[in-house]
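>>> Generate a structure from the sequence data that follows.
(2 chains)
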Amino acid sequence: MAEIRDPHEDILFAPIEHSGRGFYWAVAGLSVLILWGAIAYTVQYTQGLGVTGLHQPVGWGFYVTNFVFFIGISHAGTLISAILRLSKAEWRRPITRMAEVITCMVIFIGAGQILVDLGRPDRMMNVLRHGRYQSPLLWDATSISAYLTASLTYLYLPMIPDIAILRDRLGKRRLLYSVLALGWTGTEHQQKVLNRAIAIMAVLVIPIAISVHSVVSFVFSMTLQPAWHSTIFGPYFVVGAIFSGIAGLIVTMIIFRKAYGLHYYLKPIHFRYLGQLLLIMALLWFYFTFAEYLTGYYGAEPEEMKVFWAKFSGPFWPFFWSMVLCNFVIPLLCLTSLKQHTVGKVLIASLAIIIGMWLERFIIVVPTLSFPRLPFPHGVYAPTWVEWGETAGSLGLFALFYLLFTKFFPIISIWEIREGREHSVKEVEERILSYLPGEVDEKPGQLAKERHGTST
Amino acid sequence: MEHPPEVSPLLVRRLQWLWLGGAFLLVGGIIVWIIHLIVASWRLDDVIQASVGISIVAIPIFLVFIGVVFYVFWGVALHGGKRED
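Numbers count the residues shown, from 1 in each chain, chains lettered A, B, ... in the order given. The predicted structure follows:
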């Protein structure tokens, strides 16, 4: 089979073949953040959770907020990639790998927040040994395990042909690439097996991803706490997760586009489409937020109203209104017209959404605990440097993992781009022709051949 | 041009089996854990329906994962190069 090679393909190998000064500076910068996180964790581990701002009644703060936020960001990858793959959105090709890597990295970081929040990580063994499936926390552990396994598989399978390219092209890490490439030579049988496996995983991963964030929401909604006990928390959390996930993906794409010179692959059209998707999600998010708060307000249940007013005009108002600004107003202003300055506008909206969605998670977790239903005294949560350090360290760890991944594997799927050039242009034309009114074509592809007057 | 050093096919194949074994170990470990929770709830006379209900969904999903991985290993690594359609 003759391959149509991309003249710009070398750009994709460059980060794997060489490491410039920028890479080492980035590693140094991220290491500082990780060091801060490590020191903070060491202090917390040796002195206990008393060094944090967590207390009674606010037992969940930054860590649980980070957990929900990071698990939400993980929806960037597998879910978006699977949906685009199954819907045969051809513009997905340069972005799926980036999205899938985000998922795998961020799940580890998200799940790690629970270990940090436990204070004593050895207590995790109690969950493993004496866990009870009546607890939504254990549902979480199970669904996150499933999601992680699915995401790792879904990341690895489409990488096999690219790993084989690296095995054949690069002189270094031959053993690693040879093992992971599974002897891939690109035979038709191998392609058939791989395509079938990717399709199965793409179908499977969508309900799993949706279930993960629904189950995360059940941790809150299965309680009778004010502003948590909501039937729409499942879809509300899923929408928020996809929303923040797309924003996270866009920011990652823009950073690596700039750092690795990927302008040839990641074009304004990709950002325009993702920007449109982001706008739809912003409207959906607003709809769910409006429905959630209106229902609570209309019911006017006294304990619920304490939390409601704490968010609207009480101690949490700056966070609540910043969230509305970041998640709705700024995206709406930036994304309604994307004809000019597409990348800049999409970047501003995405950064705002990432901040806004973190704030959303924060004002879901903390205000309810500050004004609990049970007769505890009310409390205000103020994080200490330990929580800030853990958060910075987690972000640094995620960025470092991601950066290191790009030094081992291509961040854009090389074989999928090649396949796009070789087959998909023709296939898309055939597909469009098959949608249009005309004679019913029993043999796919016949119509296009007749139009072009070609026969093979 | 200088050719990169060749790697031993036997070593590669052994490491690939090891890699597959790792995948089986991960998924197998999770399944064993889920079964352990069912047994624990049975032994403690706890609400076993919750454990069984979730396991009925979770265990087949993990089995499908490992099935897909094994299918790819079988189709690509073991028989991929032999069959030319």
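>>> residues near A:L175, how many?
Residues within reach of A:L175, counting by other C-beta atoms under 10 Å in any protein chain shown, total 15. The C-beta positions use only the backbone N, C-alpha and C, and glycine is treated the same way.
>>> Give the other helices and strands that the lengthiest helix in chain B contacts.
Counting by DSSP state H, the longest helix found in chain B is helix B:9-43. Contacts defined by 3 or more C-beta pairs under 8 Å, 6 or more residues apart in numbering or on different chains; DSSP states H and E place helix B:9-43 against helix A:124-130, helix A:136-156, helix A:174-181, helix B:48-72.
>>> ok, and what's touching the shortest one?
I take that to be helix A:124-130. A:115, A:118, A:137-138, A:141, B:33, B:36, B:40 (C-beta atoms under 8 Å, 6 or more residues apart in numbering or on different chains).
>>> By neighbours, which of these wins?
A:A141 (21 neighbours).
>>> So what does A:T336 look like in phi/psi?
phi -70, psi -30 (degrees, to the nearest 10).
>>> And for the residue lying closest to it once chain neighbours are set aside, the neighbour number?
Distances taken as C-beta to C-beta, 6 or more residues apart in numbering or on different chains put A:L279 closest to A:T336, at 7.0 Å, once the chain neighbours are dropped. Look at A:L279: counted by other C-beta under 10 Å, it has 18 neighbours.
>>> tell me the mean pLDDT over whichever helix or strand A:L279 is part of?
Applying DSSP states H and E as the criterion places A:L279 in helix A:268-299. Mean per-residue pLDDT for helix A:268-299: 94.
>>> next SSE after that helix?
helix A:302-312.
>>> then the helix or strand just after that following helix to CSV, C-alphas only?
Using DSSP H and E, the helix or strand that follows helix A:302-312 towards the C-terminus is helix A:317-324. Presented in CSV, the C-alpha positions along helix A:317-324 are these (Å, rounded to 0.1, in the frame of the first residue of the first chain):
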residue,chain,number,x,y,z
TRP,A,317,-21.1,35.5,46.6
PRO,A,318,-17.7,36.4,45.0
PHE,A,319,-17.2,32.7,44.1
PHE,A,320,-20.8,32.3,42.8
TRP,A,321,-20.9,35.4,40.6
SER,A,322,-17.3,34.8,39.4
MET,A,323,-18.5,31.3,38.4
VAL,A,324,-21.4,32.8,36.4
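>>> ok now helix A:317-324, how far from the chain's centre?
Centroid separation for helix A:317-324 versus its chain: 23 Å, with C-alpha atoms, centre = their mean, to the nearest Å.
>>> Same check on stretch A:176-193?
So, by C-alpha atoms, centre = their mean, the centroid of stretch A:176-193 is 28 Å from its chain's centroid.
>>> Flag every buried residue along it.
A:177-184, A:187, A:189-191, A:193 (16 or more other C-beta atoms under 10 Å in any protein chain shown).
>>> of those residues, list those near chain B.
A:178-180, A:182-184, A:187, A:189-190, A:193 (C-beta under 8 Å from any C-beta of the partner chain).
>>> Tell me where the chain is predicted with low confidence.
If you meant another chain, say so; for now it's chain A. A:1-7, A:439-456 (pLDDT under 70).
>>> Correction: the question concerned chain B.
For chain B (pLDDT under 70), the answer is B:1-5, B:81-85.
>>> And the residue of it that's closest to chain A?
B:G75 (3.2 Å; C-beta to the nearest C-beta).
>>> give the contact list for that residue.
Per C-beta under 8 Å, 6+ apart, neighbours of B:G75: A:189-190, A:192-194, A:197.
>>> Go again with 7 Å.
A:189-190, A:193 (C-beta atoms under 7 Å, 6 or more residues apart in numbering or on different chains).
>>> can I get these in TSV with distance to A:Y63?
Shown next, in TSV, are the contacts of B:G75 (distance: C-beta to C-beta, whole Å):
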residue	distance to A:Y63
A:H189	48
A:Q190	44
A:V193	42
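>>> Out of those residues, which is nearest to A:F108?
Of all the contacts of B:G75, A:V193 has the smallest distance to A:F108: 28.6 Å, by C-beta to C-beta.
>>> so where does that closest one fall, helix or strand?
Assigned by DSSP H and E, A:V193 falls in helix A:188-221.
>>> Grab the nearest non-local neighbour of the most centrally placed residue in chain B.
Among the residues of chain B, B:F24 comes closest to the average C-alpha position under C-alpha atoms, centre = their mean, at 3.1 Å. Using C-beta to C-beta, 6+ apart and skipping residues adjacent in sequence, the residue nearest B:F24 is B:I66, 6.2 Å away.
>>> Touching, that neighbour and B:G29? I think so.
No - judged on C-beta atoms under 7 Å, B:I66 makes no contact with B:G29 at a distance of 11.3 Å.
>>> Helix, strand or coil: sort out A:P372 for me.
Recorded secondary structure, A:P372: coil (DSSP: H, G, I helix; E, B strand; the rest coil).
>>> Could you tell me how many residues sit around it?
A:P372, neighbours per other C-beta under 10 Å, totals 19.
>>> cool, and A:T223?
Neighbours around A:T223, by other C-beta under 10 Å: 13.
>>> Pull up the gap between it and A:K306, please.
16 Å (C-beta to C-beta, to the nearest Å).
>>> Same question for B:G80.
63 Å.
>>> quick one: which of those two has more around it?
The residue with more neighbours, out of B:G80 and A:K306, is B:G80; 25 against 19, by other C-beta under 10 Å.
>>> Can you give the contact residues for stretch A:270-286?
A:91, A:94-95, A:239-240, A:242-243, A:246-247, A:250, A:327-328, A:331-332, A:335-336, A:338, A:342-343, A:346, A:349-350.
>>> ok so, going back, kindly state which of the helices and strands packed on helix B:9-43 is positioned closest to A:W388.
helix A:124-130 (23.8 Å).
>>> got the buried residues for that closest one?
A:V127.
>>> quick one: it to chain centroid distance?
28 Å.
>>> C-alpha coordinates for that helix, CSV please?
Provided in CSV are the C-alpha atoms of helix A:124-130 (Å, rounded to 0.1, in the frame of the first residue of the first chain):
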residue,chain,number,x,y,z
MET,A,124,-7.4,3.3,51.9
MET,A,125,-6.8,-0.3,52.8
ASN,A,126,-10.0,-0.2,54.8
VAL,A,127,-11.9,0.6,51.7
LEU,A,128,-10.3,-2.3,49.9
ARG,A,129,-10.7,-4.8,52.7
HIS,A,130,-14.0,-3.8,54.4
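>>> coming back round to it: list the contacts of the residue nearest to B:F24.
B:23-24, B:27.
>>> Spatially, and excluding backbone neighbours, which residue is closest to the residue in the stretch 51-200 of chain A that chain B sits nearest to.
Closest to chain B within the stretch 51-200 of chain A is A:V193: 3.2 Å, counting by C-beta to the nearest C-beta. Closest residue to A:V193 apart from its sequence neighbours, by C-beta to C-beta, 6+ apart: B:G75 at 3.2 Å.
>>> repeat for A:A26
A:L403 is the one closest to A:A26 (C-beta to C-beta, 6+ apart), at 6.0 Å.
>>> which element is that neighbour on?
helix A:385-408.
>>> Point out the other helices and strands that that helix packs with.
Other helices and strands packing on helix A:385-408, by 3 or more C-beta pairs under 7 Å, 6 or more residues apart in numbering or on different chains; DSSP states H and E, are helix A:10-17, helix A:21-47, helix A:62-73, helix A:96-118.
>>> I'd like to know how far A:M357 sits from A:M253.
Taken as C-beta to C-beta, the span from A:M357 to A:M253 is 18 Å.
>>> Isn't A:G379 up against A:G59?
No - counting by C-beta under 7 Å, A:G379 does not reach A:G59; the two are 9.9 Å apart.
>>> Neighbour count: those two, which is higher?
Shown here are A:G379 and A:G59; by other C-beta under 10 Å, A:G379 has more neighbours (17 against 13).
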